[in-house]
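A.B. asks: no sequence on this one, just coordinates:
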Ligand SMILES: NC(=O)c1ccc[n+]([C@@H]2O[C@H](COP(=O)([O-])OP(=O)(O)OC[C@H]3O[C@@H](n4cnc5c(N)ncnc54)[C@H](OP(=O)(O)O)[C@@H]3O)[C@@H](O)[C@H]2O)c1
């Protein structure tokens, strides 16, 4: 079975990475449909070695699409996701537009893949991809929560400039090249700097990015009581996001067992040999699909807590790879459109 797959945001950092991951994973793409804004309409992108003309989205286009991967920002998703879903496409949305909607599953396949489908096995029309810093954290939290019950998580992030799209990357490159700005993409200079603000502040003094880490973690883990205390920080790197995470368990635990649980968990690669200076860094994780964990150690200040360090490429597992992994769960369970028409025609 081959599917008609659209990428809305095909000229952006996440969209381009989605195309690369679809190719690498040999996703069964019968027809590829790249979509972006008016600015890119008519330009070409390469997919599977072939050039494709970029179009702007329309209901007519979505009526031929089986799976639509959205990565063009929340306002574009709000404008087009329902139209695409009503036209029969399954939308996998990378933006924040629908993540907290009760009827929309928020999915990290290693954690809650079953939520892609309803009780009858029918996929949701819109499936939300979580925030990048949340995805990599919950991949590590889930197996620990299942085994030891997590009470509280204190997390500080060190987030790549690519988290702010192509503008965010360009800002770092131009500032390093000596260009100065009156208004900064990252609120302050990002070259040779560290900025403890990602997205706008909310009334409680936390940023929207920090509130996403609280609310999305609870929704994905299915535990409204899970306490998360985040500080999200932009740093001048481009390989991926890093997180320093303190985890407090409800029960006593054995450190060797914690290590075994993480080592055997789906999606996690442990890089943890401090004597040999081995731990994950964004440069090592750049362009890779996994979630990398190191610096695992007992918290010397708390009997039931540990510390660890999590790194992942935010454009990969934090966005494109997670979306493609959701799409992979649809393979075989979704009848491609031409066949659907043939089936209807034969009735
Ligand atoms: N970067 C990350 O690490 C990350 C992680 C998780 C989720 N996300 C989410 O993914 C989305 C895209 O992020 P990005 O980093 O790829 O941003 P980006 O590099 O700035 O790319 C934005 C894309 O959206 C398209 N677009 C903008 N306005 C549009 C419109 N009105 N109609 C159609 N297409 C439009 C752009 O097309 P043009 O080139 O034609 O302007 C471009 O293809 C955002 O919702 C972001 O929050 C990003």
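C.D. replies: Yep, it's here. What you see is a predicted model, and the numbers here were worked out from it, not measured in a lab. Numbering: from 1, shown residues only.

A.B. asks: Okay, buried residues for the lengthiest helix in the chain please.
C.D. replies: Looking across the chain with DSSP state H, the single longest helix is helix 132-148. Neighbour counts over helix 132-148 (16 or more other Cβ atoms under 10 Å) mark 132-145, 147-148 as buried. The C-beta positions use only the backbone N, C-alpha and C, and glycine is treated the same way.

A.B. asks: which stretches of the stretch 201-347 of the chain form helices?
C.D. replies: 208-221, 255-263, 282-285, 321-330, 337-346 (DSSP state H, counting those that start in this stretch).

A.B. asks: where do the strands sit along the stretch 51-200 of the chain?
C.D. replies: 67-70, 90-93, 126-128, 150-158 (DSSP state E, counting those that start in this stretch).

A.B. asks: How many neighbouring residues does residue 15 have?
C.D. replies: 27 (other Cβ atoms under 10 Å).

A.B. asks: Same list (the helices of the stretch 201-347 of the chain) but as TSV, adding mean pLDDT and distance to the ligand.
C.D. replies: Below are these laid out as TSV (pLDDT from 0 to 100; distance: least, Cβ to the nearest ligand atom, whole Å):
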stretch	mean pLDDT	distance to the ligand
helix 208-221	98	10
helix 255-263	98	24
helix 282-285	97	12
helix 321-330	98	8
helix 337-346	58	22
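
A.B. asks: Which residue would be the closest one in the stretch 101-250 of the chain to the ligand?
C.D. replies: Going by Cβ to the nearest ligand atom, the ligand is nearest to residue 165 of the stretch 101-250 of the chain, at 2.8 Å.

A.B. asks: what does the protein have sitting close to the ligand?
C.D. replies: Neighbours of the ligand within the chain, by Cβ under 6 Å from any ligand atom: 9-15, 36-37, 39-40, 71-74, 76, 94-95, 132, 162-163, 165-167, 314-315, 318-319.

A.B. asks: Can you flag which of the residues you listed belong to helices?
C.D. replies: 13-15, 74, 76, 132, 165-167.

A.B. asks: Now that we have those, which of them are buried?
C.D. replies: Buried, going by 16+ other Cβ under 10 Å: 13-15, 74, 76, 132, 165, out of those.

A.B. asks: Which pair in those residues has the greatest spatial separation?
C.D. replies: 76 and 132 (17.8 Å; Cβ to Cβ).

A.B. asks: ok, how many other residues are close to the residue of the chain found nearest the ligand?
C.D. replies: Using Cβ to the nearest ligand atom, residue 12 is the residue of the chain that sits closest to the ligand, at 2.0 Å. Applying other Cβ under 10 Å, we find 23 residues neighbouring residue 12.

A.B. asks: now swap in residue 286 and tell me
C.D. replies: 17.

A.B. asks: swap in residue 332?
C.D. replies: 9.

A.B. asks: mind listing what the nearest residue to it once chain neighbours are set aside touches?
C.D. replies: Nearest residue to residue 332 in three dimensions, chain neighbours excluded: residue 1, at 6.8 Å (Cβ to Cβ, 6 or more residues apart in numbering). Going by Cβ atoms under 8 Å, 6 or more residues apart in numbering, residue 1 touches 28, 331-332, 335-336, 339.

A.B. asks: neighbour-wise, which of the residues you listed leads?
C.D. replies: Of these, with other Cβ under 10 Å as the count, residue 336 tops at 17 neighbours.
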